[in-house]
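Trainee: how would this look folded up:
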Amino acid sequence: MDGASRDALRAQLESERDRLQAIVAEMERLERETLSEASGENNYRDHMADQGSATFERELDMTLEENARENLLEVQQALERIDTGSYGTCARCSKDIPVERLEAYPTASLCIVCKEAEESPR
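Mentor: Here you go, the predicted structure:
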């Protein structure tokens, strides 16, 4: 991989990292507000359907936050691979990952063959 491609991918990953960090921070803020509001509620006055909806929304928010954290971790790991010089090399077989794959999926740590092998049923 040439330096220009690596630099462009680094910039893309850094931008994605910043975006995901902002999302996680906002979700944490909203979660604190929701918990603060919930602690002052009288749950006996709420209808069961309202309580169910609120529970569903909290679970959905937690799932979205977890996904954002996982994506953030993948981005941070890709940036670390760039820093250590292992970016673009398959973590399993040590072959080069095609630039086209990295452009489509910048956090890829496996080449297509190894990724397919990982995902195939055994």
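Trainee: need the contact list for the residue sitting nearest the centre point of the chain.
Mentor: When the chain is reduced to its mean C-alpha position, the nearest residue by C-alpha atoms, centre = their mean turns out to be residue 71, at 1.1 Å. By C-beta atoms under 8 Å, 6 or more residues apart in numbering, residue 71 lies in contact with 16, 20, 107. Heads up, the C-betas are built off the backbone N, CA and C, glycines and all.
Trainee: Residue 22 too?
Mentor: Remark: with contacts taken as C-beta under 8 Å, 6+ apart, residue 22 is in contact with nothing.
Trainee: any idea how far it is from residue 57?
Mentor: From residue 22 over to residue 57 the distance is 21 Å, taken as C-beta to C-beta, to the nearest Å.
Trainee: mind checking how far residue 14 is from residue 32?
Mentor: Between residue 14 and residue 32 the distance is 27 Å, computed by C-beta to C-beta.
Trainee: got the buried residues for the helix or strand where residue 61 lies?
Mentor: Taking DSSP states H and E as the criterion, the element that holds residue 61 is helix 48-84. Using 16 or more other C-beta atoms under 10 Å as the test for burial, helix 48-84 gives 54, 65, 68, 71-72, 74-75, 78-79, 81-82.
Trainee: what does stretch 8-23 give?
Mentor: Taking 16+ other C-beta under 10 Å as the criterion, stretch 8-23 shows 9-10, 13, 16-17, 20, 23 as buried.
Trainee: gap between it and the chain center?
Mentor: When distances are taken as C-alpha atoms, centre = their mean, to the nearest Å, stretch 8-23 is centred 11 Å away from the chain's centroid.
Trainee: what's the answer for stretch 100-113, then?
Mentor: Averaging C-alpha positions (C-alpha atoms, centre = their mean) puts stretch 100-113 15 Å from its chain's average.
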